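A.B. asks: What would the 3D arrangement of this be:
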Amino acid sequence: PGCGAMYQLGQGLIAPADYSLALRNDAEARWVNLGKNQWEEVLLSPEGPLRMKYDGNYTPTRDINELVPNNGQRMGIAKKKMWWEMTSSERGVLIYTVAKRNRYMKAKLGLE
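C.D. replies: Predicted coordinates for the structure are as follows:
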């Protein structure tokens, strides 16, 4: 959703920052080894790993195709699988990808 958008959580609509906080409060933390002795924490919600957005809030990444570059190219041609349909290997790849993206976003936003 764009600027000023509201999110559905439970029975009501809430602002993006409140949605992000609610997701983080219900998430399980997992540390991911990015190599070269670099580690990044990823929060796992029942909807998928939480990725940081450009405003610093978090949103669940439900499938790998949500990590689409701005030019519209998809990451592979495989059938879209939701988080809860993925194998443990596919989940591991998605968690690692989200960890790398979150590290990039934190650096870009000056949160490192």
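A.B. asks: what comes up buried for the longest helix seen in the chain?
C.D. replies: Counting by DSSP state H, the longest helix found in the chain is helix 88-108. Using 16 or more other CB atoms under 10 Å as the test for burial, helix 88-108 gives Arg91, Leu94, Ile95, Tyr96, Thr97, Val98, Ala99, Lys100, Arg101, Asn102, Arg103, Met105. Where you see a C-beta, it was placed from the backbone N, CA and C, and this is true even at glycine.
A.B. asks: list the helices and strands that helix packs on?
C.D. replies: Secondary-structure packing of helix 88-108 (3 or more CB pairs under 8 Å, 6 or more residues apart in numbering; DSSP states H and E): strand 28-35, strand 38-45, strand 48-52.
A.B. asks: hey, which of those strands is tucked in deepest?
C.D. replies: strand 48-52 (a mean of 22; mean count of other CB atoms under 10 Å).
A.B. asks: Can I get it in CSV, CA atoms only?
C.D. replies: C-alpha atoms of strand 48-52 as CSV (Å, rounded to 0.1, in the frame of the first residue of the first chain):
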residue,chain,number,x,y,z
GLY,A,48,6.6,-15.3,6.3
PRO,A,49,10.0,-13.6,7.1
LEU,A,50,9.6,-9.8,7.7
ARG,A,51,11.4,-7.6,5.3
MET,A,52,12.2,-3.9,6.0
